[in-house]
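Student: Got a predicted structure here, sequence first:
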Amino acid sequence: MRLLKHWPHVKLGLVCSKIGSGATPRGGENVYLDEGTAIIRSQNVYNGLFMTEGLAYITEEHAEQLKGVTIELRDILLNITGDSVARCCQVPNSVLPARVNQHVAIVRPDRKKLLPEFLCYYMISPLTQKYLLSRAGSGGTRNALTKAMIENLEVPCPSLNIQERIASILSAYDDLIDNNRRRIQLLEQAARLLYKEWFVHLRFPGHEHVKIIDGVPEGWEKVPLSYLCTDVRESAIPKDLNPDTAYIGLEHIPRRSITLDTWGTVSEIDSNKFKFAERDILFGKIRPYFHKVGFSLVDGIASSDAIVIRPTEDHIYYYTLFLLSSDEFVALASKTVREGSKMPRADWKFLLKSEFKRPPETVLSLFNDVVSPICDQLQNLALQNRKLFKARDLLLPRLMNGEFEI
């Protein structure tokens, strides 16, 4: 099916040197490491965006077993199964060397005929996404794109000069988005390091003159978590809300990042959820998602697998945010999980009773003075990115449809 009428088309399989998915190494997730050769999974692939959160690694031995699905520079990654089917992006240079598992396909076009960047933008354009999703849902109970479907996809093949110019225009937006994401990472890292220095290592301003008694500085308190924050359980029925209302599921919450810059809309769901307000804290309560903790940028509703948390007082907001997203809190939450459960969840009632250090007002005020502007900047950068994504996505189909002269 030709989605664009004014350019010559060709079947994708005829202009690619490789189209194929990978495999899971023997042992499955039990052999995944924190370093080595990257193994890319569908959770890393978004439209026009590669997410490093949750990226797994394998040994050289396992990588050798999967050498047939070695990713090369500028390759296109396409999700071919499940709820994320049809999502597509290019692999970043920084991730290589890498392999893919069975849920992700490598698409490697012949660059003398089809530029990878142009093809990737075409694949994520609204018309193509709609077509791929319809094809993925046509063959059975589970969404899937077969190799034959991908090979038979007819793609536009204008001159390389036109392809390059279109890709250049669109990549300018992506460069700005990537720059903002790097700034977000650096700002979050700075704030986390400050939290750890002051409240974990207890090297807060003036610590030299304060005695530490049983691990607690003099003048500080140990209080139950319920003194610092509470969970909010205000139920919401999607059909009663504006369909454009933000919806945040666990799939939208980045791992090890407190800035919740991605969300869907209420129109995508039908079951009851919990409301959250701007700057509420969301905590993924299922064990594999414990490091998914962050603050919301807008009002909306959240998955029932996320706890909506609101500090009890304004002046302890930032301290509570970084406490809940800290490695120490996540480790404690992991210990509360009942083993053998199919969906192991944190025991929030137990955590609310657990005691944590509460700094005095003077220390909290100093911490707020530093961290508050950082979080304001995180919010501004993330919202800028939302606007850039929207502008790019509005421009993309018009360029692809030839509405603008290139």
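Tutor: Cool, got the structure.
Student: For the spatially most central residue of the chain, which non-adjacent residue is closest in space?
Tutor: Taking C-alpha atoms, centre = their mean as the criterion, P254 is the residue nearest the geometric centre of the chain, at 3.8 Å. Excluding the flanking residues, the one nearest P254 by C-beta to C-beta, 6 or more residues apart in numbering is E53, at 4.9 Å. C-beta coordinates here come from the backbone N, C-alpha and C atoms, glycine included.
Student: care to break the chain down by domain?
Tutor: The record's domain split for the chain, according to automatic domain parsing, is 9-157, 178-385.
Student: Of the ones you listed, give the one that comes closest to M400.
Tutor: In terms of C-beta to C-beta, the element of the domains of the chain nearest to M400 is domain 9-157, at 5.1 Å.
Student: how about the longest helix belonging to the chain: buried residues?
Tutor: Scanning the chain for the helix with the most residues, using DSSP state H, yields helix 361-400. Buried positions in helix 361-400, judged by neighbour count with 16 or more other C-beta atoms under 10 Å: 363-364, 367-368, 371, 375, 378-379, 381-382, 385, 388-389, 392-393, 395-397, 399-400.
Student: repeat for stretch 273-285
Tutor: Buried, per 16+ other C-beta under 10 Å, within stretch 273-285: 273-276, 279-285.
Student: Would you map the strands across the stretch 251-400 of the chain?
Tutor: Residue ranges of the strands in the stretch 251-400 of the chain, as given by DSSP state E, counting those that start in this stretch, are 259-260, 264-265, 273-276, 281-284, 293-296, 300-302, 306-311, 355-358.
Student: my bad, should have said the stretch 51-200 of the chain
Tutor: Listed from the start of the chain, the stretch 51-200 of the chain has strands (DSSP E, counting those that start in this stretch) covering 56-58, 76-79, 88-90, 98-100, 104-109, 154-156.
Student: Tell me which of the ones you listed sits most buried.
Tutor: Counting by mean count of other C-beta atoms under 10 Å, strand 98-100 has the highest mean neighbour count of the strands of the stretch 51-200 of the chain, with a mean of 26.
Student: what about that one, average pLDDT?
Tutor: Mean pLDDT, strand 98-100: 94.
Student: can you offset everything so residue one is 49?
Tutor: In the new numbering, first residue 49, that becomes strand 146-148.
Student: Determine the set of other helices and strands touching that strand.
Tutor: Using 3 or more C-beta pairs under 8 Å, 6 or more residues apart in numbering; DSSP states H and E as the contact test, the elements touching strand 146-148 are strand 85-88.
Student: Quick one: residues in contact with the helix or strand following the strand it packs on.
Tutor: Next helix or strand after strand 85-88 toward the C-terminus (DSSP states H and E): strand 93-94. Outside strand 93-94, the residues within contact range by C-beta atoms under 8 Å, 6 or more residues apart in numbering are 99, 125-127, 132, 135-137, 152.
Student: Kindly report the same for stretch 289-299.
Tutor: With contact meaning C-beta under 8 Å, 6+ apart, stretch 289-299 is reached by 91, 131-132, 286, 308, 310-317, 321, 324, 330, 332, 334, 337, 340, 344, 346-351, 353-354.
Student: The same query, at a cut-off of 7 Å, please.
Tutor: Judged by C-beta atoms under 7 Å, 6 or more residues apart in numbering, the contacts made with stretch 289-299 from elsewhere in the structure are 308, 311-317, 330, 332, 337, 340, 344, 346, 348-351, 353-354.
Student: again, but for stretch 302-315
Tutor: Around stretch 302-315, the neighbours that count as contacts under C-beta under 7 Å, 6+ apart are 101-102, 232, 236, 286, 289, 291-297, 300-301, 330, 339-345, 348-349, 369, 373, 426, 430, 433-434.
Student: Take those residues and, keeping just the buried ones, write it as a ChimeraX select command.
Tutor: Here is the ChimeraX command that selects only those of the contacts of stretch 302-315 that count as buried (16+ other C-beta under 10 Å):
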select :232,236,286,289,293,294,295,296,297,300,301,330,339,340,341,342,343,344,345,348,349,369,373,426,430,433
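Student: tell me the contacts of the nearest residue to A71 once chain neighbours are set aside?
Tutor: The spatial neighbour of A71 that comes closest, neighbours along the chain excluded (C-beta to C-beta, 6+ apart), is Q150 at 5.2 Å. Q150 makes contact with 69-72, according to C-beta under 7 Å, 6+ apart.
Student: Next: R440.
Tutor: Contact criterion C-beta under 7 Å, 6+ apart gives 218, 221 as the residues in contact with R440.
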